[in-house]
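**Q** Below is the sequence, then the predicted model.
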Amino acid sequence: MLGLGNPGTEYAHTRHNIGFDVVDILAARHRIRLNLHRDHAHYGYGAIAGIPLLLAKPMTYMNRSGEAARALLQRHPLPSDRLLVIVDDTALPLGKLRIRPSGSDGGHNGLASLIQLLGTQAFPRVRVGIGAPPPGQMVEYVLSRFTPEQQPTIDEALHRAADAVEAILTEGLTAAMNRFNTSPFPKTQ
């Protein structure tokens with residue numbers, strides 16, 4: 001699993017680093033140490049509900065995320081449809097989740113890099129809504145932090161995104177889509 005974001009403390013917990021934040025939540029929940037540093041990423045091995053996995057955060061900056069994904073998939077030979085990507089999305093309202101089995105980059109530079117370097121759009125993703133930026137302010141917006149008023153909503157969304165990843169692993173992609181794409185606050189099971 002690959003959570004997209006930008007390396008460096010200046011980008012920590014910004015809108016564009018949603019993927020890193022979800023990976024950190026999953027790593028803490030399941031005691032997975034992100035202690036390996038190669039293939040353009042920080043990552044660690046572990047398991048969720050007995051299912052082995054690799055949690056990774058690219059260290060290439062967002063617009064070159066595909067370099068890390070390609071290197072990791074070369075080291076761990078898996079088809080691209082087994083690569084689950086967690087990413088921010090300005091097309092979704094703040095806190096809304098959308099799980100998809102594949103799709104275009106939707107104007108997201110990290111997804112564009114993955115699609116270009118993997119040569120496919122066929123990888124599942126969990127998109128977390130960060131809301132739309134003011135006109136002409138995309139870069140400033142995605143690299144900014146959430147306001148104090150927005151923080152509770154995004155904190156809840158980050159934990160729901162981690163729940164969604166767990167559901168994808170344990171229940172399958174379709175079941176997770178049915179559960180998390182329908183409501184901002186899905187029923188717990």
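**A** Sure, I can see it. Numbers count the residues shown, from 1 in each chain.
**Q** quick one, phi psi at Asp88?
**A** Dihedral angles of Asp88 (phi, psi; degrees, to the nearest 10) stand at phi -80, psi 160.
**Q** Name the nearest residue to it, ignoring sequence neighbours.
**A** Spatial nearest neighbour of Asp88, excluding adjacent residues (Cβ to Cβ, 6 or more residues apart in numbering): Ile18 at 4.1 Å. Quick note: C-beta positions are derived from backbone N, CA and C, even for glycine.
**Q** So what's the residue count around that neighbour?
**A** Around Ile18 sit 27 other residues, with neighbours defined as other Cβ atoms under 10 Å.
**Q** residues contacting it?
**A** Applying Cβ atoms under 8 Å, 6 or more residues apart in numbering to Ile18 gives the contacts 3-5, 86-88, 128, 130, 154, 158, 161.
**Q** Let me know the secondary structure of it.
**A** Ile18 carries the three-state label helix when classified by DSSP: H, G, I helix; E, B strand; the rest coil.
**Q** Would you mind measuring from it to Tyr45?
**A** Look at Ile18 and Tyr45: by Cβ to Cβ, to the nearest Å, they are 23 Å apart.
**Q** count of neighbours near Ala175?
**A** Under the neighbour criterion other Cβ under 10 Å, Ala175 is assigned a count of 13.
**Q** wait, doesn't it sit right on Leu169?
**A** No - when contacts are counted by Cβ atoms under 8 Å, Ala175 is not listed as touching Leu169 (10.9 Å).
**Q** For the spatially most central residue of the chain, list each beta-bridge partner.
**A** In the chain, the residue lying closest to the centroid (Cα atoms, centre = their mean) is Ile86, at 1.3 Å. With DSSP bridges as the criterion, Ile86 is bridged to Gly3, Val126.
**Q** Quick check, it in contact with Val128.
**A** Yes - here Ile86 lies in contact with Val128, judged by Cβ under 8 Å, at a distance of 7.1 Å.
**Q** anything in contact with each of the two?
**A** Taking Cβ under 8 Å, 6+ apart as the contact rule, the neighbours common to Ile86 and Val128 are 18, 22, 161.
**Q** The second one and Arg160 touch, don't they?
**A** Pointing back at Val22 there. No - here Val22 lies out of contact with Arg160, judged by Cβ under 8 Å, at a distance of 9.6 Å.
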